[in-house]
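Enquirer: Provided below are the primary sequence and the corresponding predicted coordinates.
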Amino acid sequence: MHLLSGSRPSVESGAESLLDGLDPEQREVATTLRGPVRVLAGAGTGKTRAITHRIAYGVATGVYNPQQVLAVTFTTRAAGEMRTRLRQLGAAGVQARTFHSAALRQARYFWPKVYGGELPQLMDSKLPIVGAAARRNRVDTQPATLRDLASEIEWCKVSNVRPDDYVRVAAAKGRETTVDAATVARVFASYEEAKRDAGRMDMEDVLLSAAAVIAEDERVATEIRRQYHHFVVDEFQDVSPIQSALLDLWLGGRHDLCVVGDPAQTIYSFAGANARYLLDFPRHHPQTTSIELVRNYRSTPQVIALANTVSTVRGRPRDGVVLRAQQPDGPAVVLQGQPDEVAEAEWVTAELQRRHRAGTALRDMAVLVRINAQTRALEEALGARGLAYTLRGADRFFDRPEVRQAVTLLRGAARAGDDEPGGLVSATLAVLATMNHNAEPPAGTGQVRDRWESLHALVTTAEELAATDPRAGLAGLVTELDRRAHVQDAPVAQGVTLATLHAAKGLEWDVVALVGMHEGAMPIVHADTPAAVEEERRLFYVGVTRARRELIVSWAATRTPGGRGSRGPTRFLDGVLERTAPAGRAASATSGRRKRTVAHCRACGQPLRGGAQVKVGRCDNCPPTYDEALFERLREWRRGRAGEQKVPAYCVLTDATLTAIAEERPHDTAGLARIPGVGRVKLDRYGDDLLELMGESAETSS
């Protein structure tokens, strides 16, 4: 028996009972058994329930042969959950796999028949061969650099970008790495050569190999298409070009396909995911039935109201759907600013402890941050209050390799009495300089940026200690670091989950705290294009929709206690604070707020690309607009200060920061604070000198 799209069969009561308990939209998904079908499923709307009931209903009514159905998702956990649900629903014969698992199974079976010999051996990690390729091209082999190179190679392969095309495509796509594009291309080419010579393949080769055997041998294509007639793909917003191409090969021009996804949760574009495959699905598959799942069963109306505000413009969704809460009312969303990150961590931890004492289990609470380096103060605050926690997707701060190495070096320098005359912060920077740590953040993103943030958290600790004890040296810093590491030694079983927003995707908790949600972290500082800012908005939306009952959003005006509070809450709360927060809190939250927009060149007006251009405020090709005499005076002043402190010149201010100062010519402290690279410490240390130089320059020019 065959069903037309949307029609209802005459079935036994057992099959009909599979529809019991489904809402109208879920029921439509379950009974629309012929593709093409696109399901736009908002967060918490029961998409897995809908598609597993669709498959089970198709099997129960005889429309589907279970052995001819392939359900595909992105994680082993999700595939396992789908298999469990299908088994419980009476559809145990259905294959539910990840893209890689399905592709590997096919490639291993068909490769010897098409090419002869066995499929190359799958590597556990590509890092050893990436390291060899980097050394061959005389590229830094620090672990963070190798991880960034590996990530870029993965993006190339899932995006069908060859080494010879990388420089051109990377420029067009605005890819930013800590290694220049030409070098990435050479390392990529060397990596592919070394991998072939070793008879190995990586995870991306699994997809490419499966696609190759289907595309190049019609017998293989026919056999696979005879095996699978019906396809369901979950999380379709995360599909990459190679996965889309493999899916098209499986289909072979057929359209019996159901895809499910939420474009508002597309947060992996940097890894090759492309929501256009979901959004443009009806164009590529004529006569598509589109269904929206909008009833959110996870969160309270208060949480959903914030989620919809973040994801809509004038009531219309930017991407995805507008959610409708189905849960009863809950507590108001808490939006709270704090003077510094230490106070923020302590306040959030106190809020979690209060809820724990009221009966919420620690395992039902989570603290989510933008990047791993933000966990340091939170780990300390949780440990100090005796609240067990577990980190998801990251090492504890003091267990991170770069932090362990840095603390060892600081301990050795303290024993040797290598304190710098310029003070504790200068001495700390001097020790970390042996690990190639710079006082200024790197222009790139990824692991190199995370490593910099972790190391700079040690510099921040030195700044905090120096502020409370100006006589403190490296020995005192090591003692303080040991103390902080010790208070984190709480048991981790059944603890509060501490994770990044990316690692929290697909999870949910009763109480969620989004911490560090200030401008510069959310959106992240290097999100300097409209597309990058929108991805950050979607990431924030993902964080909001992890909360079932209570949501806390916090930010800090400055990093360290006593600092100049110039940071405001994320722009994604614009228009929310005034409606939700008490008047006093809203006022304090928005004071000193500096809205960020996509930066444009002061000379030609074109959007700037990359952190270095943004810092200078000018395209690389545009001529400088500053007074050469002022710039030279700034350099001379920097040379003198560096000599006094016995530190490299860049530890005072970088060339890019000096250029920006010379071009902006700020006339007061507020203007100087807006210069990238002039933080609270440097403003306090050098602000008067710099403003005096600006004043001298103005007198000279007049």
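Expert: Yes, it's here.

Enquirer: Going by C-alpha atoms from here, please, whenever you check contacts or count neighbours.
Expert: OK.

Enquirer: Tell me how many other residues crowd T408.
Expert: T408 has 13 neighbours, counted by other C-alpha atoms under 10 Å.

Enquirer: What residues sit buried inside the helix or strand that contains it?
Expert: Taking DSSP states H and E as the criterion, T408 maps to helix 401-416. Applying a neighbour-count criterion of 16 or more other C-alpha atoms under 10 Å, one finds 402-403, 405-407, 409-414 buried in helix 401-416.

Enquirer: repeat for stretch 196-216
Expert: 200-215.

Enquirer: Then stretch 132-139?
Expert: Those would be 132-134, 139, for stretch 132-139 by 16+ other C-alpha under 10 Å.

Enquirer: Of those residues, which is the nearest to K682?
Expert: Checking the buried residues of stretch 132-139 against K682 with C-alpha to C-alpha, the nearest one is V139 at 32.3 Å.

Enquirer: who's Q95 bridged to?
Expert: In this entry, Q95 is beta-bridged to L70, by DSSP bridges.

Enquirer: Would you mind measuring from L246 to Y277?
Expert: Separation of L246 from Y277 (C-alpha to C-alpha, to the nearest Å): 13 Å.

Enquirer: ok, the most centrally placed residue in the chain - contacts?
Expert: For the chain, the residue nearest the mean C-alpha position is H502 (4.7 Å; C-alpha atoms, centre = their mean). Going by C-alpha atoms under 8 Å, 6 or more residues apart in numbering, H502 touches 267, 370, 539.

Enquirer: Now neighbour count too, for these, in JSON lines please.
Expert: Output for the contacts of H502, formatted as JSON lines (neighbours: other C-alpha atoms under 10 Å):
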{"residue": "I267", "neighbour count": "25"}
{"residue": "R370", "neighbour count": "24"}
{"residue": "L539", "neighbour count": "22"}
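
Enquirer: Just the ones in helices from those residues, please.
Expert: Residues of the contacts of H502 located in helices (DSSP state H): L539.

Enquirer: helix/strand/coil for the residue nearest to the centre of the chain?
Expert: At H502, secondary structure determined by DSSP: H, G, I helix; E, B strand; the rest coil is coil.

Enquirer: phi, psi of A41?
Expert: Backbone torsions of A41, given as degrees, to the nearest 10, read phi -110, psi 110.

Enquirer: excluding its backbone neighbours, what's nearest it?
Expert: With sequence-adjacent residues excluded and distances taken as C-alpha to C-alpha, 6 or more residues apart in numbering, A41 is closest to L293, at 4.6 Å.

Enquirer: Please apply the same query to L634.
Expert: Distance criterion C-alpha to C-alpha, 6+ apart; nearest residue to L634, sequence neighbours excluded, is L658 at 6.8 Å.

Enquirer: do the same with Q121
Expert: Nearest to Q121 is R200, by C-alpha to C-alpha, 6+ apart, at 4.7 Å.

Enquirer: from what I can see the one you found touches E118, true?
Expert: No. Look at R200 against E118 with C-alpha atoms under 8 Å: they stay out of range, at 11.0 Å.

Enquirer: Just put the buried residues of helix 401-416 in a markdown table and tack on distance to P530 and pLDDT.
Expert: Putting those into a markdown table (distance: C-alpha to C-alpha, whole Å; pLDDT from 0 to 100) gives the following:
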| residue | distance to P530 | pLDDT |
| --- | --- | --- |
| E402 | 33 | 81 |
| V403 | 34 | 82 |
| Q405 | 38 | 84 |
| A406 | 37 | 85 |
| V407 | 39 | 86 |
| L409 | 41 | 84 |
| L410 | 41 | 87 |
| R411 | 44 | 84 |
| G412 | 46 | 81 |
| A413 | 45 | 81 |
| A414 | 46 | 81 |
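
Enquirer: what's the neighbour count on the residue nearest to A41?
Expert: A count of neighbours around L293, defined by other C-alpha under 10 Å, yields 28.

Enquirer: OK, contacts around it?
Expert: 25-26, 39-42, 45-47, 321.

Enquirer: Which helix or strand contains R175?
Expert: Here R175 is covered by no helix or strand, with elements defined by DSSP H and E.

Enquirer: what's the neighbour count on it?
Expert: 17.

Enquirer: So which residues of the stretch 251-400 of the chain form strands?
Expert: 257-261, 289-293, 295-296, 312-313, 316-317, 324-325, 334-338, 365-369, 389-392 (DSSP state E, counting those that start in this stretch).

Enquirer: what pLDDT, on average, does stretch 533-540 get?
Expert: Mean pLDDT, computed over stretch 533-540, is 92.
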